[in-house]
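[1] sharing a sequence plus its predicted fold:
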Amino acid sequence: MTSDAAAASKNLGTGIRLRLSLMMFLQFFVWGAWFVTMGTFLGQGLGVSGSEISLAYLAQSLGAILAPLIIGLIADQFFSAQKILGVLHTAGAVLLWFAGDVSEFGLFFPLILGYMILYMPTLALVNSVSFRQMRDPERQFPSVRVLGTIGWIVAGLVIGWLGWEQGQLPLTFKMAAVASLILGIFSFTLPATPPTRRGEKSSVREMLGLEALSLLKSRSYLVFFLASIAICVPLAFYYNFTNLFLNEVGVEGAAAVQSLGQVSEVLFLLVLPFLLKRFGVKLTLAIGMAAWALRYVCFAFGDSGGMFWLLIVGLLLHGICYDFFFVAGQIYTNRFAGDRFRSSAQGLITLATYGVGILIGSLVSGPIVDAFATADGHQWRDIWVIPAIIAAVVLVLFLLLFKDRSTRASATVGLEAEVTTLEAPGTSLPVPRDTNPER
C-alpha cells in the first residue's frame, strides 16, 4: 500500500465524521444547558446552602461510579453502544423535564440523581462509539470531540442571551430535556458499535468490566489514575460554585462569560495532538494540572471591576485545564487498554474522575464554602486559595512519581517501541518495560 493510500485508509468518511460530531455537540449541549447554572438555580432560586449545592453536584459522582458497571455489563457484552446511548438519553429527557418544575431541594435531588445515573455512562459510550470508527484516534478524536465543547459554549451563550439567570433558570432544564430527547433518537442512527465480547463465556469480573483494573498493574497508569482522582477535588470547586461566584461578584451574563472557558477549550483541543507528539503525555498532563492551580489564584484576586481581567484569564485557562489533562488522559487510556476492553477502560477513567474524585471534591467543597459564607454572599478569595493549593500539591506529586517513558503519543510510532506486551489470561494489555531499577 502506498503512503497516500495508507493515509486515506485512516481518514474518517465525511458522513461518519458529521454524525460523530453532531453526537458530541448534543452530548455536551445537554450537560452544559443546566449543569453550569445549577449552583445559582439552587442557591439563589431555592435558597439552599453550599453543602446542599455540593450534594446536588455529587449526584454526577454517584452516576460515574455506576458507569463502569453499566458499560462493562452491557456495552461490552450484550447490546450495541449506540443503542444503549439512545435509551439512556431518551429516559434522561423525562427526568430533566420534571427537574425544572420542582421548588424544593428534597424533590429536586432524587430527580437529578436519577438523571446523572443515566447520563454519566454516556460519556464513556460516546468515546467508545467514536474510537471504534477511528484508526488513528490521537489525530482524529480531537477534531470530533471539539464539537462537544462547541455544544457546551452554545448552551451557555443561549442562557446568557435569553437572560435566564435573572430568575428563569428552570427553563434551562426544559431546554436540556428537549436536546436530550433529540440526541436519544439520533443515537439510533449512529454507526454500529456492537459489543466486543458477544457470545463469549465471561466471569463475573469480566461481565462487570473489572478487567480494566488490570491497567493498574502498571505503575505509570496507577499514578495517572490516582492523579486523576486527586485533581478532581479542586475541579469540584469550579463545577459547583463558579457560576454562583460570578453572579455574586456582579458579573453580568455570567453563564455566557463562563463559556469563554469552552472557547479556549476548542482552541487548545486543536493543538493537543501536536503537543502530545512534541512533549509526550507526562508534560502535557502536568501543564494541565498547573493551569488548575493558576486559575484559582486568578479567581481569588479577580473581581468585576478593575481586576476583571483576572477572572477572564482564569476562565480562559479552562482549555488547558481540561484538554491537557482530561482529553489527553482519555487518549492515553484508549491506547493503553487496547481494543478488547476499550469501553471498560473508558468507564474506569470516568469512575476515577467524575466518580471518586468529584465525590471527594463535592464533600470537601460544600462545607468550605459554607464556612466562608457572609450575610450578603461569600468570602471568595479565601475559598479559591484552597483548591489552588490542592492542585499545586497534586502537580508536585505527579511530577515526582510518574515515571512512564512509554507514552509519547505519536500517531505513527505508538507504544510499540517502548512497551512489552504481556499476555495474561483473557487480556492483552501493553505494560511499560520496567526501566527503573529501584522500582
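    That came through fine. Because the structure is predicted, anything quoted here is derived from the model rather than measured.

[2] surely P234 touches R295?
    No - using C-beta atoms under 8 Å, P234 is not in contact with R295, being 9.2 Å away. Bear in mind the C-beta positions are built from the backbone N, C-alpha and C, glycine included.

[3] now do the shared contacts for these two.
    Shared contacts of P234 and R295, defined by C-beta atoms under 8 Å, 6 or more residues apart in numbering, are absent.

[4] tell me how many other residues crowd G92.
    Residues near G92, counting by other C-beta atoms under 10 Å, number 24.

[5] let me fix that, I meant to ask about L66.
    Neighbour tally, L66, other C-beta under 10 Å: 18.

[6] where does the spatially closest residue to G156 that is not a sequence neighbour land on pLDDT?
    Using C-beta to C-beta, 6 or more residues apart in numbering and skipping the chain neighbours, the partner closest in space to G156 is S259 (3.4 Å). Looking at S259, its pLDDT is 87.

[7] how close does S259 get to F325?
    S259 sits 20 Å away from F325 when distances are taken as C-beta to C-beta, to the nearest Å.

[8] got it, and D101?
    Using C-beta to C-beta, which is the criterion applied here, D101 is 37 Å from F325.

[9] give me the more crowded residue out of the two.
    F325 (27 against 12).

[10] quick one, phi psi at that one?
    Phi and psi for F325, reported as degrees, to the nearest 10, are phi -110, psi -60.

[11] residues contacting it?
    F325 neighbours (C-beta under 8 Å, 6+ apart): 228, 231, 285, 288-289, 292.

[12] could I get those residues as JSON lines with distance to F173, neighbour count and secondary structure?
    Below are the contacts of F325 laid out as JSON lines (distance: C-beta to C-beta, whole Å; neighbours: other C-beta atoms under 10 Å; DSSP: H, G, I helix; E, B strand; the rest coil):
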{"residue": "S228", "distance to F173": "29", "neighbour count": "25", "secondary structure": "helix"}
{"residue": "I231", "distance to F173": "29", "neighbour count": "26", "secondary structure": "helix"}
{"residue": "L285", "distance to F173": "34", "neighbour count": "27", "secondary structure": "helix"}
{"residue": "G288", "distance to F173": "31", "neighbour count": "25", "secondary structure": "helix"}
{"residue": "M289", "distance to F173": "33", "neighbour count": "25", "secondary structure": "helix"}
{"residue": "W292", "distance to F173": "29", "neighbour count": "27", "secondary structure": "helix"}
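
[13] ok, so of those residues, who is nearest F241?
    Taking C-beta to C-beta as the measure, F241 lies nearest W292 of the contacts of F325, at 14.6 Å.

[14] list the contacts of the closest one.
    231, 234-235, 321, 325, 387-388, 391.

[15] now, the most widely separated pair of those residues?
    F325 and A388 (15.7 Å).

[16] please, where are all the strands along the chain?
    373-374, 377-378, 419-422, 429-432 (DSSP state E).

[17] contact partners for the nearest residue to A33 once chain neighbours are set aside?
    Residue nearest to A33 in three dimensions, not counting chain neighbours: A176, with 3.8 Å by C-beta to C-beta, 6+ apart. Taking C-beta under 8 Å, 6+ apart as the criterion, A176 is in contact with 29-31, 33-34, 96, 155.

[18] got it, and L171?
    100, 162, 164.

[19] now T284
    Applying C-beta under 8 Å, 6+ apart, the residues contacting T284 are 272, 275-276, 324, 328, 409.

[20] tabulate those residues (CSV), appending pLDDT, neighbour count and distance to F301.
    Shown next, in CSV, are these (pLDDT from 0 to 100; neighbours: other C-beta atoms under 10 Å; distance: C-beta to C-beta, whole Å):
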residue, pLDDT, neighbour count, distance to F301
L272, 87, 22, 29
L275, 85, 19, 28
L276, 85, 26, 32
F324, 91, 26, 23
A328, 87, 24, 28
A409, 38, 24, 35
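
[21] may I ask which two of these are separated the most?
    F324 and A409 (11.9 Å).

[22] circling back to that earlier point, out of the contacts of L171, which are inside helices?
    L162 (DSSP state H).

[23] quick check on the contacts of L171: which are buried?
    100, 164 (16 or more other C-beta atoms under 10 Å).
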